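Chemist: what follows is a protein structure lacking sequence information:
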Ligand code: NAD
Ligand code: WQD
């Protein structure tokens, strides 16, 4: 039995809720802070239903210093998984200040509160978007970083801040150094196999998988495939899709690594969390049709601004240093997405 208590910021969200399930199932105590700006408290009730365990929930904003200080005083937090943030690329171009305030300032306030409480283990939700365009389509952690939109830049800036924070320990010879894992996600999809928790986007989805499943169930009329003239095997965009449950297992592995010999003297390290192979938009449509028996009505549309033709992860480092690799196949990701969609046609509403 693991008695450690983990603070999960953004724990009511899509990935955070799956992380709560994984943490509770692994014997951790869980405390969630979420302002519910993109989620519902019902999600946390379902997390408790799946695991048969309870968690502590604080409805608050991570930018609220007093609320954070109160949580660190009330609860014996040993580490933080930091998911809270805004994540829509298009919206970040329209509201850059909102994104920098939420994602960058929010993380500063969190890091200050952690520092004051002497809680210095942190697993951060970064993104493959920090890489930007690159010479190779298979991204390794040592590739140059160059995000191309404000959302990606918030992730890049937070990574830089956390690297600086960790580097400062070596200058001042900190007694309890920061131990930080920056997890760069590729394209998380899927849902918990129970169908009780999953992705519940507000309004019309931006991302491919929720869009496809809403077309298949008849909520949306037609998918637009954004471009079929990319220099890829079938002309459509290629991405590395990863099952959300695999993804959150990677977080628990990262947390274990932070407590291991490897991080004994502290450090801040980035890891790709991807499956290491790419699927095209047409691959996704075809597999979706095979797995679900439904037809996905689609048309070819112009390219979407800012999209790259192809990229996927080199996940070797996470395997070597965290002992983690993605296990689930595309079929599983789609079957679980569909199960969630059918059981919750209106999401959590
Ligand atoms: P989500 O929107 O479902 O979850 C984020 C949660 O954080 C929501 O519950 C929201 O209410 C909460 N939140 C936002 N700002 C907050 C604040 N200031 N204070 C407290 N709570 C706040 O998103 P998700 O898909 O679960 O993503 C989680 C994290 O992973 C985000 O940081 C996101 O940028 C990152 N990420 C997501 C993807 C993806 O494709 N989903 C890919 C790479 C990285
Ligand atoms: C996947 C593929 C589209 C919708 C985004 C963010 C990224 C990360 C994950 C947070 C692309 C195509 C999509 C549609 C389509 N999030 N597509 N029709 O763009 O790889 O990544 O989510 O960190 O930062 O940018 O994911 O699911 O939007 O697109 O043809 O209606 O599907 O062009 O090739 P993307 P996506």
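Modeler: Right, received. Where do you want to start? Keep in mind that this is a model prediction, so the values were computed, not measured. Ligands and ions are numbered 1, 2, ... in the order given.

Chemist: quick check, the helix or strand hosting residue 283 touching ligand 2?
Modeler: Here residue 283, judged by DSSP states H and E, is contained in helix 281-292. Yes: using Cβ under 6 Å from any ligand atom, helix 281-292 reaches ligand 2 at residue 281. Backbone N, C-alpha and C define where each C-beta goes, glycine included.

Chemist: helices or strands up against that helix?
Modeler: For helix 281-292, the contact count by 3 or more Cβ pairs under 8 Å, 6 or more residues apart in numbering; DSSP states H and E identifies helix 208-216, strand 223-226, helix 330-343 as packing neighbours.

Chemist: for the residue in the chain that ligand 1 sits nearest to, give me its contacts.
Modeler: Minimum separation of the chain from ligand 1 (Cβ to the nearest ligand atom) falls at residue 13, amounting to 2.0 Å. For residue 13, the contact set (Cβ atoms under 8 Å, 6 or more residues apart in numbering) comprises 34, 38, 39, 43, 83, 84.

Chemist: mind redoing it with 10 Å?
Modeler: 19, 32, 34, 36-40, 43, 83-85, 87, 125, 199-200 (Cβ atoms under 10 Å, 6 or more residues apart in numbering).

Chemist: scan the residues you listed and report the most crowded one.
Modeler: residue 19 (31 neighbours; other Cβ atoms under 10 Å).

Chemist: kindly provide the distance from the closest residue to that residue other than its chain neighbours to ligand 2.
Modeler: Distances taken as Cβ to Cβ, 6 or more residues apart in numbering place residue 248 nearest to residue 19, at 4.3 Å, with adjacent residues excluded. Residue 248 sits at a distance of 15 Å from ligand 2 (criterion: Cβ to the nearest ligand atom, to the nearest Å).

Chemist: now do residue 35
Modeler: 19 Å.

Chemist: could you do residue 44 as well?
Modeler: 22 Å.

Chemist: am I right that that residue sits in a helix?
Modeler: Yes: the assignment for residue 44 is a helix, going by DSSP: H, G, I helix; E, B strand; the rest coil.

Chemist: buried ones in the helix holding residue 283?
Modeler: 281, 282, 283, 284, 285, 287, 288, 291, 292 (16 or more other Cβ atoms under 10 Å).

Chemist: if we can go back for a sec, just the ones of the contacts of residue 13 in helices?
Modeler: Of the contacts of residue 13, the ones assigned to helices by DSSP state H are 19, 43.

Chemist: farthest-apart pair in the contacts of residue 13, please.
Modeler: With Cβ to Cβ as the measure, no two of the contacts of residue 13 lie farther apart than 40 and 125, at 19.5 Å.

Chemist: before we move on, the earlier item: ok, and of the contacts of residue 13, which contact ligand 1?
Modeler: 34, 36, 37, 38, 39, 83, 84, 85, 87, 125.

Chemist: mind listing what the nearest residue to the first one once chain neighbours are set aside touches?
Modeler: In space, residue 34 comes closest to residue 12 once its chain neighbours are excluded; the distance is 4.1 Å by Cβ to Cβ, 6+ apart. The contact partners of residue 12, taken as Cβ under 10 Å, 6+ apart, are 20, 32-44, 47, 57, 59, 83-84, 197, 348.

Chemist: pretty sure residue 196 is touching residue 21, no?
Modeler: Yes: here residue 196 lies in contact with residue 21, judged by Cβ atoms under 10 Å, at a distance of 9.2 Å.

Chemist: which neighbours do the two share?
Modeler: With Cβ under 10 Å, 6+ apart, residue 196 and residue 21 have common neighbours 46, 47, 50.

Chemist: so how far is residue 24 from whichever residue of the stretch 51-200 of the chain sits closest to ligand 2?
Modeler: Scanning the stretch 51-200 of the chain for proximity to ligand 2 using Cβ to the nearest ligand atom identifies residue 127 as nearest, at 3.3 Å. Remark: distance between residue 127 and residue 24 (Cβ to Cβ, to the nearest Å) = 25 Å.

Chemist: check residue 17 too.
Modeler: 11 Å.

Chemist: which one of the two is surrounded by more residues?
Modeler: Legend: neighbour count by other Cβ under 10 Å for residue 17 and residue 24, higher for residue 17 (31 against 20).

Chemist: quick one: low-confidence parts of the stretch 101-250 of the chain?
Modeler: Across the stretch 101-250 of the chain, nothing is flagged by pLDDT under 70.

Chemist: closest to residue 276 out of the helices and strands packed on helix 281-292?
Modeler: When these are compared (using Cβ to Cβ), the closest one is helix 330-343, at 12.7 Å.

Chemist: residue 166 contacts residue 121, correct?
Modeler: No: the pair residue 166 and residue 121 does not pass the contact test of Cβ under 10 Å, sitting 11.4 Å apart.

Chemist: quick one, which of these two is more surrounded?
Modeler: Between residue 166 and residue 121, counted using other Cβ under 10 Å, the more crowded position is residue 121 (23 against 20).

Chemist: got a list of what the more buried one touches?
Modeler: Residue 121 neighbours (Cβ under 10 Å, 6+ apart): 4, 6, 77-81, 114, 176, 178-181, 254-255, 258-259, 263, 266.

Chemist: what residue in the protein comes nearest to ligand 2?
Modeler: For the chain, Cβ to the nearest ligand atom, closest residue to ligand 2: residue 237, 2.3 Å.

Chemist: and that residue, how close does it get to residue 74?
Modeler: Taking Cβ to Cβ, one finds residue 237 at 46 Å from residue 74.

Chemist: next, the buried residues of the helix of greatest length in the chain.
Modeler: Taking DSSP H as the criterion, the chain has its longest helix at helix 150-172. Of all the residues in helix 150-172, those buried under the rule 16+ other Cβ under 10 Å are 150-159, 161-163, 165-166, 169.
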